[in-house]
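Got a predicted structure plus its sequence, pasted below:
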Amino acid sequence: MFKKLNKMKIGARLKKSFRQIILIFGILSALVVVIMLYTINNYGTILDNYAYPQGDIAMAMNESAEVRAASRGIVGYDSDSLIESMKEQHEQAVKSFEEYLEKIRPTMITKEGTACMDAIDKAWAEYKEVDAKVIEVGATTDTAKSLQAQQMMTDEAAPKYQALDDALQKLMALNISLGNAKRAQLRTVMIAALTIIIIVIAVSTIYSNSLSFAISKSIEKPLNELKDRFITFAEGDIDSPLPTVESEDEIKELVSGVSAMSDRIRVIIKDSGRMLNEMSEGNFAIDTECEEVYTGAFT
């Protein structure tokens, strides 16, 4: 990767490295957004399908108890007004119970939850049938019929109610179990996601530092070497080699230009020295052997 960068111009090298860093952190940001959306969506699912229904299941259990209590009042009271009042309470409790069932039903999205709802529907239908018979017999001030209805509640309705309550309890336990499992799954995903984010941040940080170090070194090292060579060049050392530059950028072009200048000065000095030596021996009929290098101010 770094070798490819060294073949670029400095501007292109910096742009490419910045684009890579931006891309890495863009991917990281997208990952964080995806994790947040996943968490929000699953948290909402947990609330809708497990947390809120637990309250509805508890209310349904309470309403079923109210149905039984109202039935007991109907067959137990010996006042017509009280019996009518308990009938109203009974109807309201039945209505509320069935409303809670319909509220719970859509949230039972698993096979186990559907099976529990089927069991509740069956137990409720059987209990309602016996309960209606009990009320039909016991909704009276007749002591004998009232006692008969109370006995029916004990012998027939009680087992049906127990089956209904067991089914509701099983649904509650299942909902709690599934909710806990879903929360644990979400927690595991969050931990894994956070671990990945930390790893990505660490890797991208290390990569960015390595990239910046490599780029700065590829620029700083040859420039410092070139600076030192310029100092010796200014002091008259035109024979020592110029620093070697591995990158294919402006610094290499600068070194190439300085190298060409150094070669030209070396040729001019050598040629001038030859002509001055000839003149010192009285030979003034001489000319340069490399006229092409005498350009500009050298002419």
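Happy to help now that I have it. Numbers count the residues shown, from 1 in each chain.

quick one: low-confidence ranges for the stretch 1-150 of the chain?
1-10, 43-52 (pLDDT under 70).

where along it do the strands fall?
Using DSSP state E, counting those that start in this stretch, the stretch 1-150 of the chain contains no strands.

tell me the contacts of the spatially closest residue to Gly73 that is not a sequence neighbour?
Once flanking residues are discounted, Gly73 sits nearest to Met86: 3.7 Å by CB to CB, 6 or more residues apart in numbering. C-betas here are computed from N, CA, C, even on glycine. Met86 makes contacts with 70, 73-74, 77, as judged by CB atoms under 8 Å, 6 or more residues apart in numbering.

please redo it, this time with the cut-off set to 6 Å
Counting by CB atoms under 6 Å, 6 or more residues apart in numbering, Met86 touches 70, 73-74.

Next, format these as TSV and append distance to Gln148 and neighbour count.
What follows is these, written out as TSV (distance: CB to CB, whole Å; neighbours: other CB atoms under 10 Å):
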residue	distance to Gln148	neighbour count
Ala70	18	21
Gly73	16	16
Ile74	13	24
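
Out of the residues you listed, the closest to Ser212 would be?
Ala70 (78.0 Å; CB to CB).

Next one: the closest one from Ile135, what distance?
Separation of Ala70 from Ile135 (CB to CB, to the nearest Å): 9 Å.

mind listing what the spatially most central residue of the chain touches?
By CA atoms, centre = their mean, the mean C-alpha position of the chain lies nearest to Ile35, the distance being 1.9 Å. Taking CB under 6 Å, 6+ apart as the criterion, Ile35 is in contact with Ala193.

Tell me the secondary structure at Asp239.
coil (DSSP: H, G, I helix; E, B strand; the rest coil).

what's in contact with stretch 109-127?
By CB under 6 Å, 6+ apart, the surrounding residues in contact with stretch 109-127 are 49, 105, 108, 160-161, 163-164, 167, 170-171, 174.

Out of those residues, grab the one that's most surrounded.
Counting by other CB atoms under 10 Å, Leu164 has the largest number of neighbours within the contacts of stretch 109-127, with 26 neighbours.

which parts of stretch 95-115 are buried?
96-97, 100-101, 104, 107-108, 113 (16 or more other CB atoms under 10 Å).

now swap in stretch 54-73 and tell me
Within stretch 54-73, the residues that count as buried by 16+ other CB under 10 Å are 54, 56-57, 59-61, 63-64, 66-68, 70-73.

Same check on stretch 113-126?
In stretch 113-126, counting by 16+ other CB under 10 Å, buried: 113, 116-117, 119-120, 123-124, 126.

between the contacts of Met86, which is nearest Ala144?
Closest approach to Ala144 among those (CB to CB): Ile74, at 15.8 Å.
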